[in-house]
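# build me a structure from this.
(2 chains)
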Amino acid sequence: MAPLVLEQTEDAPRVVLDARNGVYEISGESRPENASAFYTPIMQWLDNLKSVLYWQKTEFHKPQNIDFSIRLDYFNSTSAKYIMDILLLLEKMKNDGQNVHVNWHYHANDDDMKSAGEEYSRSLSSLNLEMVAIS
Amino acid sequence: MHSSIAYSSVIDPLLIYNYLDKKKAVFAYVGELDHGIINSLLKTMKEKLTSWGVEYKLMRRIYGVLVETMENVSRHGIPLKRRLSMRQSKASNGMFMLSYEEKGFCITTGNYIRHTFVEELSKKIEHLKTLDNSVLKELYRKKLLGLVPDVLPDDPDDDGAGVGILDIAIKTDKNFEHAFVPVNNKISMFIMNIRINTN
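Sure, this is the predicted structure:
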């Protein structure tokens, strides 16, 4: 799969989805003008990855590792819905038998961002977010 | 008064200045609010909050509320006919002000909305204010999962679907007031005063 790389802008995060090198990361600030247009290719890429990994696991009986990092300074309420969709998709991959780990990075003094990660975690039944404080 | 211009053309700006000064305003804006203008204003506000040495947690909270309020004005507000412009702008018109208070900061916003939205919007905001923060968080979580209907009146142009107001209510522990002031027989000004305290 060709990697999906979106450079950070003043209102949209940097996105790196690179299956070959095992890098999955969203970082920066997320409040794009058109959240649907921004997140739809990301969801499509991840959905495609899910299908490929499912096929590989069925054929070769070998689960794949997905270490996904979310390092957002801020995301608006519109982006929040799409982040939820990404996490639900990652949870489905875990339910498919892949080794999925999600690290939720937050500034050590930012209780709101920590709380947001914990709330997401509560919405997922089989995928826990690893809370990582950064200073 | 020593001036080369008429007293009448000075008094209004003086009144505005004195009002803003009395309110301890540190930033105020009136006019069109589209995404590009919001980007510019947020960049300025971020630089200002950093230069004032506002503690990180408070700064992030102010920033978050600024984004949601400006986006609300931009999405839900209505454009007014421009008196001076040659073109008809599609951008919403509104105002916002950040002012300093003893316990923190206050964000004041104002935007025009149609009367038809007032009753439903008022009811929903009043309802939100009766809920505990834990209930608001649960409502927000369910909203993200698509398990509850919109918080704000349906608006086909709004893909935020009302989670913005929930986010503000949670971040400020419902420390806000709102009012609707009729402007004419079709529109009202929707005003919010949102307080973000240090603790």
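
# helix, strand, or coil at B:V10?
helix (DSSP: H, G, I helix; E, B strand; the rest coil).

# burial count for it?
12 (other CB atoms under 10 Å in any protein chain shown). C-beta here means a position set from N, CA and C on the backbone, and glycine is covered the same way.

# what's the answer for A:P41, then?
A:P41 is flanked by 13 other residues according to other CB under 10 Å.

# my guess is A:K92 contacts A:K50, does it?
Yes: counting by CB atoms under 8 Å, A:K92 touches A:K50, with 6.5 Å between them.

# if I look at the nearest residue to B:V54 once chain neighbours are set aside, how far off is B:K48?
Excluding the flanking residues, the one nearest B:V54 by CB to CB, 6 or more residues apart in numbering or on different chains is B:I62, at 7.1 Å. According to CB to CB, to the nearest Å, B:I62 stands 10 Å off from B:K48.

# flag every residue of chain A that's near chain B.
A:10-11, A:31, A:33, A:35-36, A:73-74, A:76-78, A:80-81, A:84, A:107, A:109-113, A:115, A:119, A:122-123 (CB under 8 Å from any CB of the partner chain).

# for ChimeraX, write a command that selects the buried ones of the residues you listed.
The ChimeraX command for the buried members of these (criterion: 16 or more other CB atoms under 10 Å in any protein chain shown) is given here:
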select /A:11,31,33,35,73,74,76,77,78,80,81,84,107,110,112,113,119,123
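
# which element is B:V73 on?
Using DSSP states H and E, B:V73 sits within helix B:56-76.

# now for that helix, which elements pack on it?
Here helix B:56-76 touches strand A:65-75, helix A:111-123, strand B:25-33, helix B:35-51, strand B:92-101, strand B:104-114, helix B:163-171, strand B:187-197, going by 3 or more CB pairs under 8 Å, 6 or more residues apart in numbering or on different chains; DSSP states H and E.

# need the contact list for the residue nearest the centre of chain B.
Centroid-nearest residue in chain B: B:T109, 3.1 Å away (criterion: CA atoms, centre = their mean). Residues in contact with B:T109, defined by CB atoms under 8 Å, 6 or more residues apart in numbering or on different chains, are B:69-70, B:72-73, B:94-97, B:191-192, B:194.

# which one of these is nearest B:D132?
Closest to B:D132 out of the contacts of B:T109 is B:I194 (18.6 Å), distances taken as CB to CB.

# and the residue nearest to the closest one when sequence neighbours are not counted, how many neighbours?
In space, and not counting its chain neighbours, B:I194 is closest to B:F176: 4.2 Å by CB to CB, 6+ apart. For B:F176, the count of nearby residues is 23 (other CB under 10 Å).

# for B:F176, give its distance to B:R195.
7 Å.

# again with B:I113
Counting by CB to CB - B:I113 and B:R195 are separated by 22 Å.

# so between those two, which is more surrounded?
B:I113 (20 against 17).

# please name the bridge partners of B:E32.
B:N93 (DSSP bridges).

# check A:Y24 too.
Going by DSSP bridges, A:Y24 is paired in beta bridges with A:L17, A:F68.

# pLDDT score assigned to it?
Listed pLDDT for A:Y24 reads 98.

# contacts only, for it.
A:Y24 makes contact with A:16-18, A:66-69, according to CB under 8 Å, 6+ apart.

# show me how to select, in ChimeraX, the buried members of those residues.
In ChimeraX, a selection of the buried entries from the contacts of A:Y24 looks like this (16+ other CB under 10 Å):
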select /A:16,17,66,68,69
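
# from the contacts of A:Y24, which single one is nearest chain B?
Of all the contacts of A:Y24, A:F68 has the smallest distance to chain B: 17.9 Å, by CB to the nearest CB.

# what sits closest to B:A179 if chain neighbours are left out?
Going by CB to CB, 6+ apart, B:A179 has B:I191 as its nearest residue, at 4.8 Å.

# hang on, that neighbour packs against B:T108?
Yes: using CB under 8 Å, B:I191 is in contact with B:T108, at 7.1 Å.
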